[in-house]
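Peer 1: Build me a model from this:
(chains A and B)
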Amino acid sequence: MPILRLLLAPLCIAVFAAALSSAASAKDTGLVFVSNEKTNNLIVIDPKTNRVVKDLRTSRRPRDMHFNSDHTKLYVACGDDDVIDIIDVAKLEVVGKLSTGSSPETFGIDEARRRIYVSNEEGSSLSVVDLDQNIIVQEIPTGAEPEGVFISEDGHFVYVTSEVGDLIHLIDADSGNVVQDVVVGTRPRRFAATPDHKELWVSAELSGEVYIIDREKFTVEGKIEFLPPGMRKTDVTPVDLRITRDGKTAYVTLGHAAHVAVVDVPTRKIQGYILVGKRSWGLGMSRDEKTLYVANGFGDDVTVIDLRTRKATVSIPVGRIPWGVVIDD
Amino acid sequence: MIEFCTRRSRRTVGKAKRVHPERSTVGTRRLSSGQPKAGPGGFAHPTVCALLGLLGLAAPAFAQTAPTSPAPPRQHVSIGYVEIEGDPRYEPVRAYERLILKTRDHPFVGAQIGLDEAAALVRVLNTEFALERITVKSPAEVAPAVIQALEGRGVHFFLIDAPAEALKPLAAATKGRDTLLFNVSASDDGLRRELCAREFVHVIPSLAMRMDALMQYLTSRKWRDILVFEGPLPADAETVRAFTRSAQKFGARIVANQRFKAGTDPRERELNNPALLSAIRGNYDVVFVADEEFDFVRQVPYHTVLPRPVVGSIDLEPVAWHWTWEHNGAPQVNSRFDKKSGGRRMDSADWAAWVAAKMVVQATLRTRSAEFAKQRDFILGDAGFDGDKGLPVSVRPWDHQVRQAVLLAAPYMVVASAPVEGFLHRINELDTLGDDEPETPCHLNK
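Peer 2: Prediction:
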């Protein structure tokens, strides 16, 4: 019922306008942002009430989102307009745009160097965008359909997946050269790093695995396979993943298998599966690590999970084909 | 985009004995100077293309990434692409001379995008992939051209873009040889059943698979009473046979099978008028039309006596690929195809050629080898490949058919993909489509 939802959205805005204006002036609003590929909008949710407080129009096909370090701005990659929209988090409106290459999907921000690294799904390249000048300063060739981008903590290296090439590229951020490649499973998507900086976890969507890469040696040192009860191996299509700050627990969305896997990071053992919606992809975790938000691409909703009980508590309708979730906290 | 090392030459075999080396990146540029003369066998040495391939190695972005120790020699994997000049299957479908209903083309671009995607792998694998286009004059020349490339130039992988009549002598000629022949455009069930050749991999779905897919969808909607219109061509009879078999398999009923004859002759109105043909005693849920010519079928929708959907050769067609498929990464593939082909919409044979090229690349990547036997064993093993249709595609060990989802395409939308939810299988749901192991007379795995 997307039409009904769109009609309801302005009503919600009116109802929550007061709450919003007070929240907007403060930092860490706690608001949850969901990007919706097909309706070209961000749905903003108040986590206290789980209600939609804003329907924010963006450029076409918004996907990956990142805040700047003080959370005053939210950057949103919009694939069909070849731009990254810049959103003022206090005002909840688009205040600027950065040009990218063809069909930007995911990106990383290096604020120290004032750079954005954005993978261009259709251009088979990683664009390096200068944040201040708003120009592409470098175009780094990658394998076909680059997706996940991870910037090393010191900013010296950028890791990029190539979905079609089944590769992870290690890129020297200073020279823009691919230093090394490592072959992983089929259709590698996203990254999560362990807090000790030793491991990089990579989801391989079609082979249904998470690959664990030793960052020092840049080799595959292990992999995890998933199989929720009652599911077939071929349903398992992992995409997004998060590791908790204590480095103990990882959460992995399993796509068509409609579950989130909970993994014990040190032993790499699967502790359990949490039922979510259809084609669960994007993940967002609250700063207190008590709540997980899962974007269900084929359900047009977001599942909220209480991480203490590891149970889904509520599903919130959003736009069409929700892609990712970020939280301003 | 780094330059990708390919050797793409078009060879013309047979009477003409001409060679047109060409290199295609985005468009196609023919090299007019230094065009080598064909040798006695009708072939020229592929020096031009090899040279062009080498040019591709100097990708500047990676120039500094070369290891300091001397690099091992680069390996080569060649894929032959064999097609027939003037193949009637690619002639435009016309209503009149100047009214073109469907334009069609050889699926060569499908194979090209499959190799383009491997561009970044060239340095990882230290392997150069080459695609060699071999154009022959008639179906009878397909087998000799393959043997010549196999023996003369050590090409082991071939994409065969030819009708069934060419594949039979090809199977005989290559029996027991070190070759893998990817059938990308012939969907005849007989190739998977009676012919049953070990050297083939049938990437395009069989007719049986497509009919099963359609039938799964119809029965899932409880449209079980079906009126059939059968055209005059042998291919139409073949289609109706496969459809009838699917109806038995999935519990649907063919309430009448009406043979039609296109035309306006009032004396033959019982044969050429869709209203009269559909005015049968009793009810039906849907009309299935088998019309290879794509002529009569155009006037069936909206002309039936009862208001019923029309499926088969129009309106709802079971296909391997459709330009509107928007899941599983398909938009990116369609977009790459669109760019490379200059605006053509990717179709089923293009998909098959794309997947065949990907299979060779994946075999090289996963075995870390350019050795044919290892690559073949990988492809024919239980490896899954990403066909951008959801469930991974793989080769059935019994008849070497590639198991895959089949899309049920309306003109502007993929209505469903089969296997349709609820059709279960003890091992792999994709095997609910087409000949499953207990059903086939072909047992290459035994």
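
Peer 1: for the residue of chain A found nearest chain B, what are its contacts?
Peer 2: The minimum distance from chain A to chain B, using C-beta to the nearest C-beta, falls at residue A:143 (3.3 Å). Placement of C-beta: from N, CA and C, glycine included. For residue A:143, the contact set (C-beta atoms under 8 Å, 6 or more residues apart in numbering or on different chains) comprises A:124, A:162, A:164, A:165, A:166, A:167, A:169, B:117, B:119, B:120, B:121.

Peer 1: Of these, which is the most crowded?
Peer 2: Sorting those by how many neighbours each has (other C-beta atoms under 10 Å in any protein chain shown) puts residue A:164 first, at 30 neighbours.

Peer 1: Identify the residue nearest that one in space, chain neighbours excluded?
Peer 2: Excluding the flanking residues, the one nearest residue A:164 by C-beta to C-beta, 6 or more residues apart in numbering or on different chains is residue A:144, at 3.8 Å.

Peer 1: what about that neighbour, distance to residue A:124?
Peer 2: 5 Å (C-beta to C-beta, to the nearest Å).

Peer 1: Could you do residue B:429 as well?
Peer 2: Separation of residue B:429 from residue A:124 (C-beta to C-beta) stands at 33 Å.

Peer 1: Show me where the stretch 1-150 of chain B has its strands.
Peer 2: B:9-12, B:19-24, B:28-30, B:75-84, B:93-96, B:99-102, B:127-136 (DSSP state E, counting those that start in this stretch).

Peer 1: Going by mean pLDDT, which of those strands comes out lowest?
Peer 2: The stretch with the lowest mean pLDDT among these is strand B:28-30, at a mean of 32.

Peer 1: so what's in contact with residue A:144 and residue A:124 at the same time?
Peer 2: A:162, B:119, B:120.

Peer 1: If we only consider the residues you listed, which is nearest to residue B:180?
Peer 2: Of all the shared contacts of residue A:144 and residue A:124, residue B:119 has the smallest distance to residue B:180: 22.7 Å, by C-beta to C-beta.

Peer 1: That closest one and residue A:144 touch, don't they?
Peer 2: Yes: Residue B:119 lies in contact with residue A:144 (C-beta atoms under 8 Å); the separation is 7.1 Å.

Peer 1: Need the residues touching each of those two.
Peer 2: Common neighbours of residue B:119 and residue A:144, counting by C-beta under 8 Å, 6+ apart, are residue A:124.

Peer 1: tell me the phi and psi of the residue of chain A closest to chain B?
Peer 2: Here is the backbone geometry of residue A:143 (degrees, to the nearest 10): phi -70, psi 170.

Peer 1: Equivalent analysis for residue B:166, please.
Peer 2: Taking degrees, to the nearest 10 as the convention, residue B:166 sits at phi -80, psi -20.

Peer 1: gap between it and chain A?
Peer 2: Residue B:166 sits 31 Å away from chain A when distances are taken as C-beta to the nearest C-beta, to the nearest Å.

Peer 1: and that residue, what does it touch?
Peer 2: Neighbouring residues of residue B:166 by C-beta under 8 Å, 6+ apart: B:84, B:139, B:140, B:142, B:143, B:160.

Peer 1: Contacts for the one helix or strand the last one maps to, please.
Peer 2: For residue B:160, the enclosing helix or strand under DSSP states H and E is strand B:157-161. If you take C-beta under 8 Å, 6+ apart as the criterion, strand B:157-161 is touched by B:77-84, B:87, B:106-108, B:111, B:142, B:146, B:149, B:166-167, B:170, B:179-186, B:349, B:353, B:356-357, B:360, B:375.

Peer 1: hmm, try it at 7 Å
Peer 2: With C-beta atoms under 7 Å, 6 or more residues apart in numbering or on different chains as the contact definition, strand B:157-161 has outside contacts at B:79-83, B:106-107, B:111, B:142, B:146, B:167, B:170, B:179-185, B:353, B:356, B:360.

Peer 1: same deal with stretch A:289-302?
Peer 2: When contacts are defined by C-beta under 7 Å, 6+ apart, stretch A:289-302 is touched by residues A:2, A:32, A:34, A:47, A:244-245, A:251, A:253, A:260, A:276-285, A:303-308, A:315-325.

Peer 1: 6 Å instead, please
Peer 2: Stretch A:289-302 is contacted from outside by A:32, A:34, A:244, A:251, A:260, A:276-285, A:303-305, A:307, A:315-318, A:320-322, A:325, using C-beta atoms under 6 Å, 6 or more residues apart in numbering or on different chains.

Peer 1: In ChimeraX, select just the buried ones from the residues you listed.
Peer 2: In ChimeraX, this line selects whichever of the contacts of stretch A:289-302 come out buried by 16 or more other C-beta atoms under 10 Å in any protein chain shown:
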select /A:32,34,251,260,276,277,279,280,281,282,283,284,285,303,304,305,307,315,316,317,318,321,322,325
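
Peer 1: In strands only, show me the contacts of stretch A:289-302.
Peer 2: A:32, A:34, A:251, A:260, A:280-285, A:303-305, A:315-317, A:322, A:325 (DSSP state E).

Peer 1: How about the residues of the stretch 201-350 of chain B by chain A?
Peer 2: The stretch 201-350 of chain B has residues B:332, B:335 near chain A, with proximity defined as C-beta under 6 Å from any C-beta of the partner chain.

Peer 1: Could you check how far stretch A:229-244 is from the centre of its chain?
Peer 2: 16 Å (C-alpha atoms, centre = their mean, to the nearest Å).

Peer 1: hmm, it in reach of chain B?
Peer 2: Yes: using C-beta under 6 Å from any C-beta, stretch A:229-244 reaches chain B at residue A:234.

Peer 1: mean confidence for that stretch?
Peer 2: Per-residue scores along stretch A:229-244 average to 92.

Peer 1: So which bits of it are buried?
Peer 2: Residues of stretch A:229-244 classed as buried: A:231, A:234, A:235, A:236, A:237, A:238, A:239, A:240, A:241, A:242, A:243 (neighbour count, 16+ other C-beta under 10 Å).

Peer 1: just stretch A:92-105 next, same as before
Peer 2: Across stretch A:92-105, burial judged by 16+ other C-beta under 10 Å covers A:92, A:94, A:97, A:98, A:100, A:101, A:103, A:104, A:105.

Peer 1: wait, isn't the first one in contact with residue A:57?
Peer 2: No: contact status for residue A:92 versus residue A:57: not in contact, 10.7 Å apart, counting by C-beta atoms under 6 Å.

Peer 1: between the shared contacts of residue A:144 and residue A:124, which is closest to residue B:192?
Peer 2: Using C-beta to C-beta, residue B:119 comes nearest to residue B:192 of those, at 33.4 Å.
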